[in-house]
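Engineer: have a look at this prediction, sequence included:
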Amino acid sequence: MLPNIMIQKLLTFAGVLSLVTGIVVGIASTVDGAGPPQRAANASRPSLFTQAQAAAGEALYAKSCASCHGAALAGGTAPPLSGSAFQASWSDPRVTLDDLFFLLRTTMPPRASSSLSPQDHAAVFAYILKANGYAPGGQPLAVDAPQLKVERFQSVPSGARAVARTPPPAFMPAAAGAMPAGSGPDQATLSASSRSTDWLVHGHDYSGTRFSPLDDINTTTASRLAPACVFQVGERDNFQTGPIVHNGTMYVTTMTSTIALDAATCRVKWRHKWQSRDDEMWQRNRGVAIKDGRVVRATPDGYLLALAADTGALLWARQVAKPADGETFTMAPLVFEDLVLIGPARFPGLAIQHRAQAW
């Protein structure tokens with residue numbers, strides 16, 4: 001019978017009850033009973049991986065794991081993979097490093113563990129070990145490394161820090177030469193959006209009517225609707241965007257991608273991928289706002305950013321929410337004149353032209 005403590009660890013790491021049944025069979029023989037002798041509490045940590053392997057694992061983690069577990073392994077919608085809470089959770093003497101590694105390589109990324117090779121999983125695990133205070137050595141970590149079956153997770157000594165974190169930048173300016181196209185919509189067009197056949201605001205217009213005056217689709221023609229084109233965003237993130245359409249271009253978002261499409265053919269005009277600079281909270285995004293050649297959106301690590309509507313080039317990004325305080329953004333912004341309005345995080349108003357906090 002699997003000890004309750006191990007079940008708790010499995011739930012803490014994966015956050016999914018259904019994983020327990022499949023994992024019990026694989027590791028019950030390892031954790032039942034006395035098991036191998038426990039390493040003395042003050043013994044030095046073993047070197048289980050190389051520096052190059054951990055560096056490769058960091059890149060893989062950023063691509064496949066950070067969206068749930070946080071850019072710095074501090075947690076998001078999934079639990080943290082470093083720090084005192086993680087270390088305390090996995091320091092039980094009945095649990096080995098092999099148990100933790102087994103869970104990682106058989107369940108992560110969720111529903112897509114086969115998307116990473118055994119060598120990739122070993123590299124990610126090496127990065128996690130390094131982030132929790134393990135030093136690299138001369139031999140790379142192998143999936144079947146026998147040492148993992150006898151090693152217990154050792155917490156970072158009191159007063160030590162596993163990962164030295166660099167504060168995220170408060171403001172990021174445009175790349176050289178990046179400028180908005182000035183192609184609209186202007187404020188007069190947005191103010192009249194209730195009559196527009198485009199979809200210029202998340203709720204269609206400032207009144208949030210979610211109603212278009214277009215009438216080609218009605219109770220008579222609805223049964224004859226057929227797809228004109230299909231676009232696959234190619235990401236595993238939640239897809240909750242509210243498309244914005246202006247002059248034949250549709251703007252959609254995922255958690256970190258902003259995509260401009262030809263609304264008639266689904267041809268990609270440009271795609272911007274945001275690289276998170278801070279911990280991510282809720283893993284979803286619901287769209288953009290547009291004005292004066294700018295596309296404005298929020299990110300799960302608390303930034304507002306503006307992109308050039310014609311190229312997708314970054315015009316500016318400013319962190320206005322603090323994930324460490326539980327603040328985040330999911331909703332599409334609303335732009336009025338030079339202000340970007342967004343909630344429900346504790347937020348300022350932000351002037352989109354002058355890039356200054358308004359209130």
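Structural biologist: Ah, there it is. Numbering: from 1, shown residues only.
Engineer: so the residue nearest to the spatial centre of the chain: helix, strand or coil?
Structural biologist: The centroid of the chain falls nearest to residue 67 when counting by Cα atoms, centre = their mean (2.4 Å). Recorded secondary structure, residue 67: helix (DSSP: H, G, I helix; E, B strand; the rest coil).
Engineer: again with residue 261
Structural biologist: Quick answer, by three-state DSSP: residue 261 is strand.
Engineer: just the one 4 residues further on next, same as before
Structural biologist: Residue 265 carries the three-state label coil when classified by three-state DSSP.
Engineer: just for the stretch 201-350 of the chain, where's the confidence low?
Structural biologist: Low-confidence segments of the stretch 201-350 of the chain (pLDDT under 70): 236-238, 281, 344-350.
Engineer: how about a cut-off of 50?
Structural biologist: Along the stretch 201-350 of the chain, the model assigns pLDDT under 50 to residues 346.
Engineer: so where do the strands sit in it?
Structural biologist: 244-246, 249-253, 257-262, 268-273, 289-291, 294-298, 303-308, 314-319, 334-336, 339-341, 350-351 (DSSP state E, counting those that start in this stretch).
Engineer: format the ones you listed as JSON lines; extra columns: mean neighbour count and distance to residue 73.
Structural biologist: In short, each C-beta sits where N, CA and C put it, glycine included. As requested, the strands of the stretch 201-350 of the chain are exported to JSON lines (neighbours: other Cβ atoms under 10 Å; distance: least, Cβ to Cβ, whole Å):
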{"stretch": "strand 244-246", "mean neighbour count": "21", "distance to residue 73": "34"}
{"stretch": "strand 249-253", "mean neighbour count": "23", "distance to residue 73": "25"}
{"stretch": "strand 257-262", "mean neighbour count": "20", "distance to residue 73": "22"}
{"stretch": "strand 268-273", "mean neighbour count": "15", "distance to residue 73": "20"}
{"stretch": "strand 289-291", "mean neighbour count": "25", "distance to residue 73": "32"}
{"stretch": "strand 294-298", "mean neighbour count": "26", "distance to residue 73": "23"}
{"stretch": "strand 303-308", "mean neighbour count": "24", "distance to residue 73": "20"}
{"stretch": "strand 314-319", "mean neighbour count": "20", "distance to residue 73": "19"}
{"stretch": "strand 334-336", "mean neighbour count": "19", "distance to residue 73": "34"}
{"stretch": "strand 339-341", "mean neighbour count": "19", "distance to residue 73": "31"}
{"stretch": "strand 350-351", "mean neighbour count": "19", "distance to residue 73": "29"}
